[in-house]
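Chemist: one predicted model, sequence on top.
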Amino acid sequence: MLKLKRLRPSARIPANATPGSAGYDLCADLDSPVTIPARRTVKIPTGLAMAIEPGYAGFVFARSGLGIKHGIVPANCVGVIDSDYRGEVIVGLYNHTDEPFVVEPGDRIAQLVLLPVHTPEIEECAELGETSRGEGGFGSTGR
Ligand SMILES: O=c1ccn([C@H]2C[C@H](O)[C@@H](COP(=O)(O)OP(=O)(O)OP(=O)(O)O)O2)c(=O)[nH]1
């Protein structure tokens with residue numbers, strides 16, 4: 001169960017996920033349209049707070065239409081919503097284009113994906129254990 005709390009009556013509770021869908025749409029909780037200037041970030045409120053079950057976290061991803069067609073994506077790439085966070089979920093949207101972009105009240109601005117997270121105790125050590133990859137990375141296997 002994902003517990004959601006409306007912080008304002010206008011906030012939109014996302015529809016339940018359908019089989020096969022990974023994300024819950026997050027909507028802009030605005031009184032009036034907000035403009036994201038070119039190459040700028042604007043924090044868009046969702047009007048929602050949530051209690052994610054311990055052992056999980058929420059990840060705020062771009063919607064592909066908004067990102068690919070309009071260049072509007074979360075400024076922090078992917079927002080992380082901690083399970084103990086009880087404040088409002090905010091989506092910082094960045095406008096990658098040279099034109100202003102208008103967000104209308106109720107627009108679906110991002111999607112929330114809930115994923116299990118592993119948070120083991122940290123152990124500092126001198127040896128990490130051998131692997132066939134070793135330190136190879138950053139294109140070491142070619143294109
Ligand atoms: O896109 C985002 C990212 C985060 N948050 C909220 C939920 C999250 O649990 C909290 C803290 O986020 P994060 O840990 O990424 O922030 P920080 O910059 O490390 O600050 P803090 O010191 O508050 O952890 O802010 C959002 O509402 N939207």
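Modeler: Noted; the coordinates are in hand.
Chemist: part of a strand, is P120?
Modeler: No: applying DSSP: H, G, I helix; E, B strand; the rest coil, one finds P120 to be coil, outside a strand.
Chemist: residue ranges of the strands in this protein, please?
Modeler: Assigned by DSSP state E, the chain shows strands spanning 3-6, 24-27, 34-36, 41-45, 48-51, 56-61, 72-74, 79-81, 90-95, 101-103, 108-116.
Chemist: dump the ones you listed to a markdown table, plus distance to the ligand.
Modeler: Just so you know, the C-beta spots here come from the backbone N, C-alpha and C atoms, and that holds for glycine as well. Output for the strands of the chain, formatted as a markdown table (distance: least, Cβ to the nearest ligand atom, whole Å):
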| stretch | distance to the ligand |
| --- | --- |
| strand 3-6 | 13 |
| strand 24-27 | 10 |
| strand 34-36 | 15 |
| strand 41-45 | 9 |
| strand 48-51 | 9 |
| strand 56-61 | 5 |
| strand 72-74 | 6 |
| strand 79-81 | 2 |
| strand 90-95 | 4 |
| strand 101-103 | 15 |
| strand 108-116 | 8 |
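Chemist: may I see those strands organised as a markdown table, with mean neighbour count and distance to P14 added?
Modeler: What follows is the strands of the chain, written out as a markdown table (neighbours: other Cβ atoms under 10 Å; distance: least, Cβ to Cβ, whole Å):
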| stretch | mean neighbour count | distance to P14 |
| --- | --- | --- |
| strand 3-6 | 13 | 8 |
| strand 24-27 | 21 | 4 |
| strand 34-36 | 18 | 20 |
| strand 41-45 | 16 | 15 |
| strand 48-51 | 18 | 8 |
| strand 56-61 | 19 | 12 |
| strand 72-74 | 22 | 16 |
| strand 79-81 | 16 | 13 |
| strand 90-95 | 20 | 13 |
| strand 101-103 | 17 | 17 |
| strand 108-116 | 18 | 7 |
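Chemist: quick one: those strands as CSV, columns for distance to G139 and mean pLDDT too.
Modeler: Converted to CSV, those look like this (distance: least, Cβ to Cβ, whole Å; pLDDT from 0 to 100):
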stretch, distance to G139, mean pLDDT
strand 3-6, 42, 97
strand 24-27, 35, 96
strand 34-36, 34, 98
strand 41-45, 31, 98
strand 48-51, 39, 98
strand 56-61, 25, 98
strand 72-74, 25, 98
strand 79-81, 27, 98
strand 90-95, 27, 98
strand 101-103, 34, 98
strand 108-116, 27, 97
